[in-house]
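> Turn this into a structure:
(4 chains)
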2 protein chains.
Amino acid sequence: MKFSKIPSATITRLSLYSRALEELLLEHVNIIASDKLAQKCGVNPAQVRKDLAYFGEFGVRGVGYFVKELLFEIKKILGLNRRWRMALVGIGNLGLALVAHENFVKQGYEFVAVFDVDPKKVGRRLPSGQIIHHIDELPTVVKEKNIDIGVIATPASQAQATARLLVEAGIKAILNFAPLQIQMPEGYIVENVDFTVKLDNLAYHLTMEAV
Amino acid sequence: MKFSKIPSATITRLSLYSRALEELLLEHVNIIASDKLAQKCGVNPAQVRKDLAYFGEFGVRGVGYFVKELLFEIKKILGLNRRWRMALVGIGNLGLALVAHENFVKQGYEFVAVFDVDPKKVGRRLPSGQIIHHIDELPTVVKEKNIDIGVIATPASQAQATARLLVEAGIKAILNFAPLQIQMPEGYIVENVDFTVKLDNLAYHLTMEAV
DNA sequence: TGGTGTGAACAACTTCACAGCG
DNA sequence: CGCTGTGAAGTTGTTCACACCA
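Modelled structure (predicted):
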């Protein structure tokens, strides 16, 4: 285990490896070499080995990696050997889809509280069981329910205020679906999931190609 | 205008600049300097200037950039001075949320056709107006409706097959919401929107910090 | 004067190539 | 023998620092 600092791209790829390994496990593949894993994830084989080498020596020379063991190690590195408790703010179309999304639960992520400002929504119960709280209750509920991660699915205009609220409630990590850059204090983390940025990339490439 | 090749990160940042400029326009700000724009987007001021310099000289020395003019130029670069026609495959929770998402339309992206395999869904009309086609009709409909971009919101197990179908129908660009790496032929583009990868990043950082 | 545009310095990340080991 | 682990080389992207110009 080295303590040079880890490229953030490495962490992202570890997620991909973890997915690929889960798939392999289902297919009863026991051992995999870096070439194969790399191909499945669309990266360079040396990249796979280097990424893993940041955290230890998980492979067997001349053989490859044991799928089950490597998956276990990667999950441990990423912190997926536990459940994570999330709060969702903003119960629009997107928010509803997120709560219903079964991939989250499968990976250990759970929405244990949901919030909105709309008085027509507050108090109602979602199909998945959560009661919609008014956003004013956020500070209390977040502490009561021991939330780890905040998820912002509000309109852009309210996203920054929501982030501040989450931070003040003691949440260190935010997943933001609103299409703007959230400003956070030192030591807090935001990850942005931004559909239109991705679409803009596609549009740009299509436009270039057409020239 | 230089013809060195453009970092893909630059394109991503152009999207951010475009958003920020739209906001400034609404606030009736006429002129902005690279520092301010950089701050708003969470990047380095020199980065902003360099990104823009790839495409031309849009600024005025000693003054800054004219918001309206710069926005127009960036939109032209990204190909956002036209409408883009998209096809959605997979009408689950996520698919429904995407179709209803008003940000897409606002930026010029339109779902002009939607597909599913579920016979219970096929033939029904969405609130937004589109009739759900069976996926077998995809090749015909894609050509008829002149689709530019395919959006995959199917379960992971069907994502790769869906991608192949889209490619065979002549679609060059895909936005993929399924949590796996899609393999595409040379010259085609995929952008992945992957919630759990982002969450894994957050989980990793929270885990590290706790040590 | 003040902020852009940009070469040059720097930093980060990726790939190569091969020693080393099962 | 084959595949990992890794220093070194290569590549790409970012930041600095300042000439230049409105």
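> which residues touch the residue nearest to the spatial centre of chain A?
Using C-alpha atoms, centre = their mean, the residue of chain A that lies closest to the mean C-alpha position is A:Leu175, 7.3 Å off. Contact partners of A:Leu175, counting by C-beta atoms under 8 Å, 6 or more residues apart in numbering or on different chains, are A:86, A:149-152, A:190-191, A:193, B:195, B:198-199, B:202. From N, CA and C alone the C-beta is placed, and that goes for glycine too.
> Just those residues: which are in helices?
Secondary structure of the contacts of A:Leu175 is defined by DSSP state H; positions in helices are B:195, B:198-199, B:202.
> Just send the residues you listed back as JSON lines, with pLDDT and distance to DNA strand C too.
Output for the ones in helices among the contacts of A:Leu175, formatted as JSON lines (pLDDT from 0 to 100; distance: C-beta to the nearest atom of the strand, whole Å):
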{"residue": "B:Phe195", "pLDDT": "94", "distance to DNA strand C": "21"}
{"residue": "B:Lys198", "pLDDT": "97", "distance to DNA strand C": "16"}
{"residue": "B:Leu199", "pLDDT": "98", "distance to DNA strand C": "20"}
{"residue": "B:Leu202", "pLDDT": "97", "distance to DNA strand C": "17"}
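> Of those, just the buried ones, ChimeraX syntax please.
Only the buried members of these end up in this ChimeraX selection, burial being decided by 16 or more other C-beta atoms under 10 Å in any protein chain shown:
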select /B:195,198,199,202
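> Now render the contacts of A:Leu175 as CSV, adding distance to DNA strand D.
Written out in CSV, the entries for those read as follows (distance: C-beta to the nearest atom of the strand, whole Å):
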residue, distance to DNA strand D
A:Met86, 29
A:Ile149, 26
A:Gly150, 26
A:Val151, 26
A:Ile152, 24
A:Val190, 17
A:Glu191, 17
A:Val193, 19
B:Phe195, 23
B:Lys198, 18
B:Leu199, 23
B:Leu202, 21
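> Would you mind pulling the contact partners of the biggest strand by length in chain A?
If each strand of chain A is counted by residues according to DSSP state E, the longest one is strand A:109-116. By C-beta under 8 Å, 6+ apart, the residues outside strand A:109-116 that reach it are A:83-91, A:95, A:98-99, A:104, A:122, A:126, A:128, A:130-135, A:137-138, A:141-142, A:145, A:147, A:149, A:151, B:196, B:199.
> Mind telling me what element A:Ile174 is part of?
Element membership for A:Ile174 (DSSP states H and E) is strand A:173-176.
> With just CA atoms, put that strand into PDB.
Written as PDB, here are the backbone C-alpha positions of strand A:173-176 (Å, rounded to 0.1, in the frame of the first residue of the first chain):
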ATOM      1  CA  ALA A 173     -21.000  14.900   0.500                       C
ATOM      2  CA  ILE A 174     -23.500  16.000  -2.100                       C
ATOM      3  CA  LEU A 175     -24.700  14.500  -5.400                       C
ATOM      4  CA  ASN A 176     -26.000  17.300  -7.500                       C
END
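> Partner strands of it and their direction?
According to DSSP bridges, strand A:173-176 forms sheet pairs with strand A:149-152 (parallel), strand A:189-192 (parallel).
> Centre of the chain to the last one, how far?
The reference is to strand A:189-192. For strand A:189-192, the separation from the chain centroid amounts to 9 Å (computed by C-alpha atoms, centre = their mean, to the nearest Å).
> now it: mean pLDDT?
Confidence for strand A:189-192, expressed as mean pLDDT, is 96.
> Can you tell me what sits against that strand?
Contacts of strand A:189-192 with the rest of the structure, by C-beta under 8 Å, 6+ apart, involve A:163, A:172-177, A:181-182, A:184, B:198-199, B:201-202, B:205-206.
> go with 7 Å
For strand A:189-192, the surrounding residues in contact (C-beta atoms under 7 Å, 6 or more residues apart in numbering or on different chains) are A:172-176, A:182, A:184, B:198, B:201-202, B:205.
> what ranges do the strands span in chain A?
Taking DSSP E as the criterion, chain A carries its strands at A:31-32, A:65-66, A:84-89, A:109-116, A:132-134, A:149-152, A:173-176, A:189-192.
> Out of these, which one sits most buried?
By mean neighbour count, with neighbours taken as mean count of other C-beta atoms under 10 Å in any protein chain shown, strand A:149-152 ranks first of the strands of chain A at a mean of 26.
> Up against DNA strand C, what does chain A have?
A:5, A:7-10, A:43-44, A:46-47, A:49-50, A:60-63 (C-beta under 7 Å from any atom of the strand).
> Go back to those and keep what's next to DNA strand D.
Filtering the residues of chain A next to DNA strand C for proximity to DNA strand D by C-beta under 7 Å from any atom of the strand leaves A:46, A:49-50, A:60-63.
> Any chance of a PyMOL selection covering the buried ones in those residues?
Applied in PyMOL, the following selects the buried portion of those according to 16+ other C-beta under 10 Å:
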select buried, chain A and resi 49
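> Skip the chain neighbours and tell me the closest residue to A:Thr10.
A:Asp51 (4.7 Å; C-beta to C-beta, 6 or more residues apart in numbering or on different chains).
> What about the one you found, how many residues nearby?
Close neighbours of A:Asp51, defined as other C-beta atoms under 10 Å in any protein chain shown, add up to 23.
> now swap in A:Ala156 and tell me
15.
> so what's it up against?
Here A:Ala156 is in contact with A:178-180 (criterion: C-beta under 7 Å, 6+ apart).
> Most neighbours out of those, which is it?
A:Ala178 (24 neighbours).
> which residues are in contact with the longest helix seen in chain A?
With DSSP H setting the assignment, residue counts place helix A:8-26 as the longest helix in chain A. Counting by C-beta under 7 Å, 6+ apart, helix A:8-26 makes contact with A:32, A:37, A:40-41, A:43, A:51, A:54, A:67-68, A:70-71, A:74-75, A:77-78, B:179-181, B:196-197, B:200-201, B:204, all of which sit outside it.
> residues of that helix that come out buried?
Buried residues in helix A:8-26, defined by neighbour count with 16+ other C-beta under 10 Å: A:10-22, A:24.
> Just name the closest of the residues you listed to DNA strand C, please.
For the buried residues of helix A:8-26, the residue nearest DNA strand C by C-beta to the nearest atom of the strand is A:Thr10; the value is 6.1 Å.
> if we can go back for a sec, who are the contact partners of the closest residue to the residue nearest to the centre of chain A other than its chain neighbours?
The shortest distance from A:Leu175 to any residue other than its chain neighbours is 4.7 Å, reached at A:Val151 (C-beta to C-beta, 6+ apart). The contact partners of A:Val151, by C-beta under 7 Å, 6+ apart, come to A:86-89, A:98, A:175.
> Sounds good, over and out.
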